[in-house]
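> 3D, please:
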Amino acid sequence: MSMQGVAGEDKIQLSKEESQQVKLRSRKLLLSLIYPVRGRLLLSLLIVILSQALRVAGPALIALSIDWALPAALKADTTPLFLVVGGYLFAAVATASLISWFLRYAAKLSQDVLLNLRQRIFVHTQKLSLEFHEKYTSGRVISRQTSDLDSIKELLDTGGNEMIVGILYMLFTATALVFLDLPSFAILAISWVPLYFLTRWFQVNSKLMFRESRVSSAKLIVYFVETMTGIRAVKAFRKEKRNQGEYETLVEKYRHINAKVIQLFG
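A predicted model of the protein is given here:
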C-alpha cells in the first residue's frame, strides 16, 4: 500500500515496507525544513557541545583539587587551590550561561521552523484540487494543522533539546570516566546493554501508541468540526443525542489511548 500524501494516514499497524516509506518521507520533510536554518542549527549544536563539555569538567576539577591542589595547600602553596576553585566557578557560570542561551536560541529556531511548516501547509492546501477537498473534509485539514503541528511543536520545544543535551552529557561523562575511573566506565558500559533493549522496546511501543493517539485525536477533531459545520442539518433532523453518543464513544477511546501512553511512560 502506498503511503504517499494522505494515503493510509488512519492506519495504525504498518508493514515493514510501509514503515520505511513513512520514514523516508519524514526524513525528506525534515531535511527540507532544516536546510534553510542549517547555519543556525550548527551554531546551536556547537554551543550545546561546549556547554556539556564544561559541565563534565566539574567532577574532573574536583578530582584535580583532591589529588593536586589540596596537598599543595597543606604545604602552604595555595595557588593551585585558587586556580582549581576559579576554574570550577568559571565552568559553572559558563555552563549555566551557555545552556540558557542555547534554550532561548533553540526556541527561536523552533518557532521559525514551525512558521515555515505552517506556511507550507497553507500554500499546499490551496494548491490541491477541488476533487481532493471534496473527499478530504475540512475537519481533517484542521486536524493536520492543529494536532499534528502541536506534536511537532512539543518535540521541538522540549523533547529535542532534552534528548540532545542528555546524549551529549552521557557521552562526555563516559569519556571522562575512561580517563578518571576505568572500572566505573566498565560498569557503565555493561549497563548500556539492558538499556539498549529497554530503549528499543520503548521505541517500538511508543511509535505504535503515538500513531494510535494521533489517529484518535484526528477523528475527534474531524467529528466535532463536521458536526458544527452541518449544525443546521443536525438540528433539523434532531440528531443531537445520536451525535453526542458517537462523540462520547470517540472521547472515551481517546482517553483510553492516552491512559496507555501514560502507562508506557511510567
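> domain assignment for the protein?
In terms of domains, the chain is parsed into 22-180, 183-266 (source: automatic domain parsing).
> span of the longest one from start to end?
Think domain 22-180. Start to finish, the residues bounding domain 22-180 are 44 Å apart (C-alpha to C-alpha, to the nearest Å).
> so what's the gap between it and the chain middle?
On the basis of C-alpha atoms, centre = their mean, to the nearest Å, the separation between the geometric centre of domain 22-180 and that of its chain is 10 Å.
> quick one: the helices in the stretch 51-200 of the chain, in order.
Listed in chain order, the helices of the stretch 51-200 of the chain (DSSP state H, counting those that start in this stretch) span 70-74, 79-127, 130-135, 138-143, 149-154, 160-180, 182-229.
> and the ones you listed: which comes nearest S19?
With distances scored as C-beta to C-beta, the stretch of those nearest to S19 is helix 182-229 (8.7 Å). Every residue, glycine included, has its C-beta placed from N, CA and C.
> now the angle between helix 160-180 and the closest one, please.
Relative orientation of helix 182-229 and helix 160-180, computed by axes from the mean of the first three to the mean of the last three C-alpha atoms, to 10 degrees: 180 degrees.
> ok, the closest residue to L250 other than its chain neighbours to T175 distance?
Sequence neighbours aside, L220 is the residue nearest to L250 in space, at 5.2 Å (criterion: C-beta to C-beta, 6 or more residues apart in numbering). Note on L220: its distance to T175, by C-beta to C-beta, to the nearest Å, is 47 Å.
> those two - which one has more neighbours?
L220 (17 against 13; other C-beta atoms under 10 Å).
> what comes up buried for stretch 104-122?
For stretch 104-122, burial by neighbour count (16 or more other C-beta atoms under 10 Å) applies to A106, L109, S110, V113, L114, L117.
> any idea which of the residues you listed is closest to A96?
Sorting the buried residues of stretch 104-122 by distance to A96 puts A106 at the head of the list, at 15.7 Å, by C-beta to C-beta.
> I'd guessed that closest one sits against N161; true?
Yes: using C-beta atoms under 8 Å as the test, A106 is close enough to N161 to be in contact (5.4 Å).
> check the gap between F185 and S191 for me.
Using C-beta to C-beta, F185 is found at 11 Å from S191.
> same for the lowest-mean-pLDDT helix or strand in the chain, what does it pack against?
Among the secondary structure pieces of the chain, namely its helices and strands, helix 138-143 has the lowest mean (mean pLDDT, DSSP states H and E), a mean of 76. Under the contact criterion of 3 or more C-beta pairs under 8 Å, 6 or more residues apart in numbering; DSSP states H and E, the helices and strands touching helix 138-143 comprise helix 182-229.
> cool, thanks, talk later.
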